[in-house]
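Asks: how does the following fold in three dimensions:
(one chain, ligands or ions: 5)
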Amino acid sequence: MDEFSFIRSIQPEYYQQSSLIKGIDDDAAVFRPTDRDIVTAVDTMVEGVHFSRETMEPAHIGYRVLAANLSDLAAMGSTPLFYMVSITIPPNWQQEELEVLYDGMNQLASRYKMDLIGGDTVSGRELSLTVTVIGSVPKEKARYRSVAKPGDILFVTGTLGDSRAGLEWLLNDGKGATEDITYLIERHREPTPRVEFAEQLEELERVALNDVSDGIANEANEIAEASDVDLHMDLESLPFSKQIRISYPDQYEEWGLSGGEDFELLGTVSEAEWISVKEAAERTGIPVTKIGQVNVKQGSSGVVKIYKKQQWEVLKPSGYTHLTGEGE
Ligand SMILES: Nc1ncnc2c1ncn2[C@@H]1O[C@H](COP(=O)(O)OP(=O)(O)OP(=O)(O)O)[C@@H](O)[C@H]1O
Ligand SMILES: Cc1ncc(C[n+]2csc(CCOP(=O)(O)O)c2C)c(N)n1
Ligand SMILES: [Mg+2]
Ligand SMILES: [Mg+2]
Ligand SMILES: [Mg+2]
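Replies: Numbering: from 1, shown residues only. Ligands and ions are numbered 1, 2, ... in the order given. Below you'll find the predicted structure:
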């Protein structure tokens, strides 16, 4: 396999977005923006940091990197349009495995009618994938972390900690996964970005959103800081799957707070618009849970407090942070 035959092998046969003018096969891609606001994000997945050959098959690696990016688009309330892939390929990867990896991305992309419109291919020591996504949102409707207000309801979609639990099993166990463990592994390998739910919030006047990549302890603090408010949450009200409660009874609460990679949406909304959030959840079949509320900040900057064992304590950012030595 050489670089150019590889590129030919991953080239889409057709494109789905009518705003695309030039896709793969020139120096850059061209599309004509509509009257909507354009939203773009980039995320990288690196072998040994975000996955290993033990924790992921090639198809999962592709699926997951695009899912992480789509989760960021969802956290902005936007609709996916295009993606671009920069890949570093180590010598021990075969063309068939790479095609399966691209199929993993395509599985999600075709669900949202996203087109692959470009990228870059280089060789290197570890597999690394960098995906750039482009989406759009009605003018002025991008959803920011900075718009939470005192009195808002704090909510989260889905359940927390499942991805961390699946990873735990993949790293430490091996064979003989039960049905519950299989569910947790799937949540780790093939999370569902909450795109439809976020799109359904379009009519709302104001909603703050952040997606859970590092753990809600981190993401809640990001909202508190950006909005200059305190967030109060109740540990008892956090949503956990029955699978994680049964399989990891001693760890699930901690993993729910700092496990990360759940790709759920954490948000705040006024009491008046909470009903619309619940309706969006019902229409899309994605559960949403009230986990606390937004309060006026007590100190000099916004903090997160959690009610745990009949006491309030400060919830510091405690999820995954790169460049701290963890995972190296
Ligand atoms: N190396 C970088 N150069 C320029 N901007 C960056 C860089 N790394 C992060 N950013 C920007 O910093 C902001 C926060 O990025 P961050 O990666 O923490 O958010 P995220 O993508 O939601 O989280 P995660 O990567 O954990 O899923 C974003 O605006 C992002 O574009
Ligand atoms: C093999 C293996 N070891 C550890 C982890 C855990 N992990 C890696 S990156 C990350 C946070 C999100 O990253 P980012 O902030 O870059 O989106 C987490 C929780 C994993 N997935 N696989
Ligand atoms: Mg990022
Ligand atoms: Mg994010
Ligand atoms: Mg991160």
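Asks: I'd like the mean pLDDT over stretch 281-288, please.
Replies: Stretch 281-288 comes out with an average pLDDT of 98.
Asks: that stretch: end-to-end distance?
Replies: Using CA to CA, to the nearest Å, the end-to-end distance of stretch 281-288 comes out at 6 Å.
Asks: also stretch 217-236?
Replies: End-to-end for stretch 217-236, by CA to CA: 15 Å.
Asks: for that stretch, buried residues please.
Replies: Using 16 or more other CB atoms under 10 Å as the test for burial, stretch 217-236 gives 217-227, 229-235. No exception for glycine: its C-beta is placed from N, CA and C like everyone else's.
Asks: out of those, which sit inside strands?
Replies: Judged by DSSP state E, strands contain the following of the buried residues of stretch 217-236: Asp230, Leu231, His232, Met233, Asp234.
Asks: name the residues of the helix or strand of the chain with the lowest mean pLDDT that are buried.
Replies: Lowest by mean pLDDT, DSSP states H and E among the helices and strands of the chain is helix 3-10, with a mean of 90. Judged by neighbour count using 16+ other CB under 10 Å, the buried positions of helix 3-10 are Phe6, Ile10.
Asks: go ahead and measure how far it is from the middle of the chain.
Replies: Chain-centre distance of helix 3-10: 28 Å, with CA atoms, centre = their mean, to the nearest Å.
Asks: is stretch 24-42 in proximity to ligand 5?
Replies: No. Residues of stretch 24-42 are not located near ligand 5 by CB under 5 Å from the ion, the shortest gap being 12.0 Å.
Asks: in that stretch, which residues are buried?
Replies: Neighbour counts over stretch 24-42 (16+ other CB under 10 Å) mark Ile24, Ala29, Phe31, Arg36, Asp37, Val39, Thr40, Ala41 as buried.
Asks: quick one: contacts for the closest residue to ligand 2 within the stretch 101-250 of the chain?
Replies: Using CB to the nearest ligand atom, Ser213 is the residue of the stretch 101-250 of the chain that sits closest to ligand 2, at 4.3 Å. Neighbour list for Ser213: Ala68, Ser71, Glu219, Gly260, Glu261, Phe263, Tyr320 [criterion: CB atoms under 8 Å, 6 or more residues apart in numbering].
Asks: which SSE is the closest residue to the third one other than its chain neighbours in?
Replies: For Glu219, the nearest residue in space outside its immediate sequence neighbours is Asn210; the separation is 4.5 Å by CB to CB, 6 or more residues apart in numbering. Using DSSP states H and E, Asn210 sits within strand 207-211.
Asks: got a list of contacts for stretch 83-102?
Replies: 1, 5-6, 9-10, 29, 47, 57-59, 61-62, 66, 69, 105, 109, 114-134.
Asks: list the contacts of the strand holding Asn210.
Replies: Against strand 207-211 from outside (CB under 8 Å, 6+ apart): 71-72, 74-77, 143-148, 152, 193-194, 198, 201, 219, 222-223, 227, 263-269, 273, 277.
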